[in-house]
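> I would like the atomic coordinates for the input below:
(one chain, ligands or ions: 1)
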Amino acid sequence: MKSMRLAQFRKRIRGICILLNLKKGGRNADLAYSTFVGDGIGTTHHLDFMDDEKFLSAFSNAVDNLPNGLRQNVSHDLGWRAHIVGWAAQHVLALPEKGDFVECGVFYGVLSKHMFNFVDFEQVDRKFFLFDTWGSEGSHPSYTEDIYEKVKLRFNYVNAILVRRKIPEILRSVKFNKIAYLSLDMNSYLPERAVLEFFYDKMITGGIFYFDDYGWQGFPELRATVNDFFADKPETLLQFPTGQSIAIKAGSRLH
Ligand SMILES: C[S@@+](CC[C@H](N)C(=O)[O-])C[C@H]1O[C@@H](n2cnc3c(N)ncnc32)[C@H](O)[C@@H]1O
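Predicted structure coming up:
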């Protein structure tokens, strides 16, 4: 039954990809054989994650029960991002030093829920801090709906800590240990800069910074502020064709 649902889900993603390509009027015949179209890109390359049962099951659960329009959009657009953050979770959990996870800007938490599913995070001895106002405190004009109760139901995990307060004001009131994964997804450069300043020294060596909106044309200030922040630091950014970027926290050099 479960594998039937997965097969249908996979077929749906591929169906949407092919449909979008046909609509392009054959500008690139190759794209009719696409393996992924969404998030501003199309490719015909082999993508292992699209055939990975564990990935598909985790992602399918993360988009389950979202409002209809949103579900439709994210199920084909966020697949590659889910692959990036799932990889990041596996990477940091394999590091010798322990660190908690933080996401700043959660909304319904598609990516963080995918991570919970993908690495079975509830069984891991780490916390996942999820920061958002969820429609309160007027933090972002595009996110005014109060969805907090719905999000709480989606994150009924012992080690998920939902913090419903505005960033950056709330950060100094929360007790953090070391951090292994930091996601910045507030679509807003001023709080994202403050988050970077606050967490940089708390990141473990090998820890991942994930920037969801880095390459999107609509966020030039955000890109500039991230570049400016890292300009005098050893980390460099790895960019993805889907618009995200990551940096890996460098270790301190011994002289
Ligand atoms: C693009 S959504 C996050 C999507 C999410 N990462 C996912 O995986 O689906 C952006 C979220 O950032 C939140 N946000 C924006 N500015 C904020 C701030 N200053 N403090 C807390 N949350 C903020 C909004 O409420 C909104 O829910």
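> So, low pLDDT: which residues of the stretch 151-255 of the chain?
253-255 (pLDDT under 70).
> Near the ligand, which residues of it? Just list them.
Within the stretch 151-255 of the chain, the residues that sit near the ligand (CB under 6 Å from any ligand atom) are 166-167, 185-188, 191. Using the backbone N, CA and C atoms, a C-beta is placed for each residue, glycine as well.
> 8 Å - rerun?
By CB under 8 Å from any ligand atom, the residues of the stretch 151-255 of the chain that approach the ligand are 165-168, 170, 183, 185-188, 191, 212-213.
> and the strand or helix carrying residue 69, is it in reach of the ligand?
In the assignment (DSSP states H and E), residue 69 maps to helix 68-77. Yes: with CB under 8 Å from any ligand atom as the criterion, the ligand is reached by helix 68-77 at residue 74.
> counting contacts, what elements does that helix pack onto?
Using 3 or more CB pairs under 8 Å, 6 or more residues apart in numbering; DSSP states H and E, the elements in contact with helix 68-77 are helix 2-23, strand 36-38, helix 53-63.
> The ones you listed: lowest mean pLDDT?
Ranked by mean pLDDT, those bottom out at helix 2-23, which scores a mean of 57.
> Show the contacting residues for residue 246.
Applying CB atoms under 8 Å, 6 or more residues apart in numbering, we find residue 246 in contact with 84, 88, 208-211, 237-238, 240.
> what comes up buried for the biggest strand by length in the chain?
When the chain is parsed with DSSP state E, its longest strand is strand 203-211. By neighbour count with 16 or more other CB atoms under 10 Å, strand 203-211 contains the buried residues 203-204, 206-211.
> how close does the one residue sitting closest to the centre of the chain sit to residue 190?
Most central in the chain under CA atoms, centre = their mean is residue 111, positioned 4.4 Å from the mean C-alpha point. Counting by CB to CB, to the nearest Å, the separation of residue 111 from residue 190 is 22 Å.
> And residue 64, by the same measure?
Distance from residue 64 to residue 190, by CB to CB: 34 Å.
> got it, and residue 98?
Distance from residue 98 to residue 190, by CB to CB: 31 Å.
> about what we covered before: any quick ChimeraX command for the buried ones out of the residues of the stretch 151-255 of the chain next to the ligand?
The buried subset of these, as determined by 16+ other CB under 10 Å, is captured in ChimeraX by this line:
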select :165,166,167,168,183,185,186,187,188,191,212,213
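> any idea which of the residues of the stretch 151-255 of the chain next to the ligand is the one closest to residue 80?
residue 212 (11.7 Å; CB to CB).
> Find the residue closest to the closest one in space, skipping its chain neighbours.
In this structure, residue 212 finds its nearest non-sequential neighbour in residue 185, 3.8 Å apart by CB to CB, 6 or more residues apart in numbering.
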